[in-house]
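**Student:** missing the sequence, but the structure's below:
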C-alpha cells in the first residue's frame, strides 16, 4: 500500500469522488488557535480565505499546522489573478485551491497548469518545503501524494460566469468541484443578499441544471443548518458553512442577548 493511499489529506478528494458530503468552513483569522478550535470541533475541511481577509501564504502554513493534529485538511481560496501563488500555497501542506469568479476556460487552464506537475500541468517541482518533508520525501513519492490529495474548485458567482457555464463545462480542464457563490451572484444580479429573490433562485437553477447534467461535483456557501439541508437536496455535496468570524460573532451576540434577557426578565 503506497504512502499516497495512507495519506489522510487525500480523504477530501476521495470523499468527493464517492459523492459524499464534505462540510467545511472558511477561515479568515491568522491566529492558529482559531483553526485549532474549528478543526477540533469536527469540521472536515478548513478553507483559508485569501480573498476576504488579510491572510498570506505564511498564514496558510500556520493554519495547516494548527489543523494537522486533528487530521483536518486545509485549502486556500484565492482570486483568479493570484493563481500564480497556487504552488506556494500547496507547498504549505494545503490540499488544494479554490478560485473565485471563473468566467472563461483560460482560467480553468491556468488553474490546472498551476496545480499539477508535468505532463498534466506546469507546476514547478521542489522538495525543500514542508509538504515534502523538507526533502525527506523523494520526487516520485511526492508527485504521487500531491496527485492523490489535490482538490481544485472553481467558483461561479456572477452573471458572466453563469452565461459562460456551457463553454466552461466543455473545457477539458475541469476542476474537481464547481462552487456557487450565492452572495456575490445575488449582488451581481442587483439583489445583494436577497438569496430568496426569484431572479436569484432562477440563476441558481440556471447553474444547477448544467452542472447536474454534467454529473459535476457541486459546492456552495451555506449560512446555517437549514441552508445546508436545502442545498444538499439540490445536489450540492461540498458545503462550506459560515466562517470563523461569523461563527464567533453570532455566538457572541446570541449568548450576550440571552444573558441580558435572563438578567432583565
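**Tutor:** The structure has been received and is ready for your questions. Keep in mind the model is a prediction, meaning the values are calculated, not measured.
**Student:** the helices in this protein, which residues?
**Tutor:** Along the chain, the stretches classed as helices by DSSP state H are 3-6, 11-17, 32-41, 57-67, 86-91, 105-115, 139-149, 159-163, 165-169, 182-188, 198-213, 225-233, 244-263.
**Student:** can I get these in TSV with distance to residue 128?
**Tutor:** From N, CA and C alone the C-beta is placed, and that goes for glycine too. Below are the helices of the chain laid out as TSV (distance: least, CB to CB, whole Å):
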stretch	distance to residue 128
helix 3-6	19
helix 11-17	25
helix 32-41	23
helix 57-67	14
helix 86-91	9
helix 105-115	19
helix 139-149	11
helix 159-163	38
helix 165-169	36
helix 182-188	38
helix 198-213	39
helix 225-233	41
helix 244-263	31
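**Student:** turn those into a markdown table, including mean pLDDT and distance to residue 97.
**Tutor:** As requested, the helices of the chain are arranged in a markdown table below (pLDDT from 0 to 100; distance: least, CB to CB, whole Å):
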| stretch | mean pLDDT | distance to residue 97 |
| --- | --- | --- |
| helix 3-6 | 54 | 19 |
| helix 11-17 | 96 | 13 |
| helix 32-41 | 98 | 18 |
| helix 57-67 | 98 | 11 |
| helix 86-91 | 98 | 5 |
| helix 105-115 | 98 | 6 |
| helix 139-149 | 96 | 12 |
| helix 159-163 | 98 | 17 |
| helix 165-169 | 98 | 17 |
| helix 182-188 | 98 | 18 |
| helix 198-213 | 97 | 19 |
| helix 225-233 | 97 | 22 |
| helix 244-263 | 96 | 19 |
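**Student:** those: which one's closest to residue 122?
**Tutor:** helix 105-115 (4.3 Å; CB to CB).
**Student:** which positions in that closest one come out as buried?
**Tutor:** Of the residues in helix 105-115, 105, 107, 108, 110, 111, 112, 113, 114, 115 count as buried by neighbour count, 16 or more other CB atoms under 10 Å.
**Student:** give me the residues contacting that helix.
**Tutor:** With CB atoms under 8 Å, 6 or more residues apart in numbering as the test, helix 105-115 has contacts from 80, 83-84, 86-87, 90, 96-97, 99, 102, 120-123, 150, 152, 154, 167-168, 170-171, 173-175.
**Student:** buried sites along stretch 95-108?
**Tutor:** Quick answer for stretch 95-108 (16+ other CB under 10 Å): 95, 96, 97, 98, 99, 100, 101, 102, 103, 105, 107, 108.
**Student:** how far does that stretch sit from the chain's center?
**Tutor:** Taking CA atoms, centre = their mean, to the nearest Å, the mean C-alpha location of stretch 95-108 is offset from the chain mean by 11 Å.
**Student:** now do the end-to-end distance for it.
**Tutor:** 18 Å (CA to CA, to the nearest Å).
**Student:** now the buried residues of stretch 95-108 in TSV, with distance to residue 20?
**Tutor:** Formatted as TSV, the buried residues of stretch 95-108 follow (distance: CB to CB, whole Å):
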residue	distance to residue 20
95	16
96	16
97	21
98	18
99	23
100	25
101	27
102	24
103	29
105	28
107	27
108	24
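**Student:** quick check, nearest of these to residue 184?
**Tutor:** Of the buried residues of stretch 95-108, the one sitting nearest to residue 184 (CB to CB) turns out to be residue 101, at 7.1 Å.
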